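Here's a sequence, model it:
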Amino acid sequence: MFTQELKELYALTEIDRIGKEYYDQTGEYLSGRVIDKKMILHLIEVGGLDRFLSNNSQKTDAFILEASAILNQEKPFFNPESDVSIRKAMRYFAGFLHTHHYFEIQCVLEGQAEYATPAGVIPIRKNDLVFVPPDTSHSLCVFSGSTVISIGIRKSTFEKAFRDILSSDLPISRYFRSAMAGKQNNEIFFRGALDDFALQLLLMMYRQQKVGTAEANKINDHLAQSFTYYIAEKSTDETMFGTAEYLRDKIWDIRMYMVDHYRTVTLASTAKHFHYSESYLSRLISRQLGMSFSQLLQTIRLDKSCELLINSDVKITELCERVGYDNESYYIQLFRKTYGITPLQYRKRNRR
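The predicted model follows:
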């Protein structure tokens, strides 16, 4: 029914092609580290942002500063007679932290992406949704071959249009009320919320936006309400989570996985199990636990060796192999450095 819309959304835009060209040459996504003034100006022009700038703006730092300020506003993203806007997120770009003054719902149609906040990076995948309140610092990096669609809703009309949700006792209602009061500047995530019906509503909004008439814009406003109502009613506490909750729970899952596989576990095997890149997993562990992957693994292995020293008579040679160390001398040296005594002294002191 929406074959043409899906084809358009999956296709590369002109801005995507700029990022892809760089990616094909370097194997990296474009980021603030490599984007120079010339490229910024080109992206502004290709993206159509220059039409919102003052006529006397020159191609200078002031021009770029003005363009950055406009990104914070609603004007470039909404038709004058519509309170809703559908946009496709750029591919091949490592997003930079930014804020804007409207509500946003990010929908993963295909593949996966990384949603970043000042607190950490959260992987999102096909059929996930992220609700972003106004003035929330965030960024998005869409992986190659993936498609993420953003639904923008004007802040000025959100309270009126979504009054029923705001006043209900749905799990999401309290969150929305806090966001409207300016007390909630954290996003909320919905795992697997973009089912077939929600996708049809999203594609219908995109089709109406292309029509662009006043009537179509009104229809789109109602469709956005229906979309949000549907997500709110079908979401439960089990499928919704905030950033801090996710990072806290996920690091626990990672640690338990390492405890279960402490003899042979590696950074690569753990990253593969949780569908992360090795660099992301390293950063997550460092941010949440204040130590590296190898330090965490060392702690787990030494804890296990202490347990074996107290509760078994296994020889040190066999014990160090059981906890994942091939070199007995290295294990004894590491144990002594950590606890101040040798493994045999530890056994003798702690045996009942």
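
what's the helix or strand for the nearest residue to His273 once chain neighbours are set aside?
Once flanking residues are discounted, His273 sits nearest to Tyr257: 6.2 Å by Cβ to Cβ, 6 or more residues apart in numbering. Bear in mind the C-beta positions are built from the backbone N, C-alpha and C, glycine included. According to DSSP states H and E, Tyr257 maps onto helix 243-260.

Flag every buried residue along the helix or strand that that helix is followed by.
Remark: after helix 243-260, the chain's next helix or strand is helix 267-273, criterion DSSP H and E. Residues 267, 270-271 are the ones in helix 267-273 that count as buried (16 or more other Cβ atoms under 10 Å).

And for stretch 1-16?
Going by neighbour count (16+ other Cβ under 10 Å), the buried part of stretch 1-16 is 5-6, 9, 15-16.

Over to stretch 82-94?
Buried, per 16+ other Cβ under 10 Å, within stretch 82-94: 82-86, 88-94.

Contact partners for the residue nearest to His273?
265, 270, 273-274 (Cβ atoms under 8 Å, 6 or more residues apart in numbering).

Between those residues, which sits nearest Ser286?
Thr270 (13.8 Å; Cβ to Cβ).

ok, now how distant is the closest one from Asp253?
Per Cβ to Cβ, to the nearest Å, Thr270 is found 10 Å from Asp253.

What of Cys141?
Relative to Asp253, Cys141 is positioned 22 Å away (criterion: Cβ to Cβ).

again with Ser329
Following Cβ to Cβ, the distance that separates Ser329 from Asp253 is 34 Å.

hang on, the earlier thing: for Ile341, state which of the buried residues of stretch 82-94 is nearest.
Of these, the one sitting nearest to Ile341 (Cβ to Cβ) turns out to be Ala94, at 47.5 Å.

ok, the closest residue to the closest one other than its chain neighbours - contacts?
Using Cβ to Cβ, 6+ apart and skipping residues adjacent in sequence, the residue nearest Ala94 is Ser31, 3.8 Å away. Counting by Cβ under 8 Å, 6+ apart, Ser31 touches 93-94, 96.

The residue lying closest to Leu199 once chain neighbours are set aside: what secondary structure?
Leaving aside its chain neighbours, Leu199 sits nearest to Leu109 (7.4 Å; criterion: Cβ to Cβ, 6+ apart). Of the three states, Leu109 takes strand according to DSSP: H, G, I helix; E, B strand; the rest coil.

where does this structure have its least confident helix or strand?
Between all helices and strands in the chain, the lowest mean by mean pLDDT, DSSP states H and E belongs to helix 61-70, at a mean of 53.

Direction included, what does whatever helix or strand comes next after it pair against?
Next along the chain after helix 61-70, taking DSSP H and E as the criterion, comes strand 84-88. Strands that pair with strand 84-88, judged by DSSP bridges, come out as strand 147-153 (antiparallel).

Could you tell me which helix of this protein is the longest one?
Assignment by DSSP state H gives helix 214-234 as the longest helix of the chain.

May I have that helix exported as CSV, CA atoms only?
Extracted in CSV, the C-alpha atoms of helix 214-234 (Å, rounded to 0.1, in the frame of the first residue of the first chain):
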residue,chain,number,x,y,z
ALA,A,214,-4.0,22.7,4.3
GLU,A,215,-6.4,19.8,4.3
ALA,A,216,-3.6,17.2,4.2
ASN,A,217,-1.8,19.0,7.0
LYS,A,218,-4.9,18.9,9.2
ILE,A,219,-5.2,15.1,8.5
ASN,A,220,-1.5,14.7,9.4
ASP,A,221,-2.1,16.4,12.8
HIS,A,222,-4.8,13.9,13.6
LEU,A,223,-2.7,11.0,12.4
ALA,A,224,0.1,12.1,14.7
GLN,A,225,-2.3,12.1,17.6
SER,A,226,-3.5,8.6,16.7
PHE,A,227,0.1,7.4,16.4
THR,A,228,1.0,8.7,19.8
TYR,A,229,-2.2,7.4,21.4
TYR,A,230,-1.6,4.0,20.0
ILE,A,231,2.0,3.8,21.2
ALA,A,232,0.9,5.1,24.6
GLU,A,233,-1.9,2.6,25.1
LYS,A,234,0.1,-0.4,24.0
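
I appreciate the help and will end here.
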